[in-house]
Structure formats: structure tokens, C-alpha cells
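Participant: Coordinates for the following, if possible.
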Amino acid sequence: MAVKELLRGLPWWVKWVAIPVIAVVVFGGLIASAVYFVVSLLFKVLVFVALVGGLVYVVRKFTGSSSSSSSSSGDGW
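Facilitator: Just a heads-up that it's a prediction; the model follows:
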């Protein structure tokens, strides 16, 4: 309630330009580090999924070709 009354008397450019610019200047490093953390985490998850998928593909390809020539006794586990 007090914030609305405080901002009521200010021009529009203070509310919509100056205050957001000040917030970005003050919290810019925090925002940038949070965005960097999220992007790097997503990249690492994507790399992990690609490596595990590649490993599963290679293992299935080699075990599928070798188990077709030998007697297969189920799942192998």
C-alpha cells in the first residue's frame, strides 16, 4: 500500500525506465550468475543424456550382433 502511494506521484519514465535500470545495475551480477548457472546445468544434463544414449546404442549394437550368433538365454542380466 505504501509503495503504491510512493509511486503514484512519480512520472511514468521513473516507474518504467529508471527503476528497472537501477535494479539491473544493482542485481545484474546476481541475475547473470543465476542465468549462467541454469544454462550450464541444462547443457551438462544435455551432454549427460547424449553420452548415456550413445553408450546404450553402442552396447545394444555390439551385444545384439554377438548374441545373435551365440545362444541367447534371455536378457543377459
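
Participant: secondary structure class for the residue nearest in space to the middle of the chain?
Facilitator: Central residue of the chain (C-alpha atoms, centre = their mean): residue 42, 3.0 Å from the mean position. Three-state call for residue 42 (DSSP: H, G, I helix; E, B strand; the rest coil): helix.

Participant: What average pLDDT does stretch 20-38 get?
Facilitator: Mean pLDDT, stretch 20-38: 95.

Participant: okay, that stretch in CSV with CA atoms only?
Facilitator: Listed next in CSV are the C-alpha coordinates belonging to stretch 20-38 (Å, rounded to 0.1, in the frame of the first residue of the first chain):
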residue,chain,number,x,y,z
PRO,A,20,14.2,-1.3,-13.7
VAL,A,21,17.6,0.1,-14.9
ILE,A,22,18.6,0.6,-11.3
ALA,A,23,17.5,-2.9,-10.5
VAL,A,24,19.5,-4.3,-13.3
VAL,A,25,22.6,-2.3,-12.3
VAL,A,26,22.3,-3.4,-8.7
PHE,A,27,21.3,-7.0,-9.2
GLY,A,28,22.9,-7.5,-12.6
GLY,A,29,25.7,-9.7,-11.4
LEU,A,30,23.3,-11.9,-9.4
ILE,A,31,21.0,-12.2,-12.4
ALA,A,32,23.8,-13.0,-14.8
SER,A,33,25.3,-15.7,-12.4
ALA,A,34,21.8,-17.3,-12.0
VAL,A,35,21.3,-17.4,-15.7
TYR,A,36,24.8,-18.8,-16.2
PHE,A,37,24.2,-21.5,-13.6
VAL,A,38,20.8,-22.6,-15.2
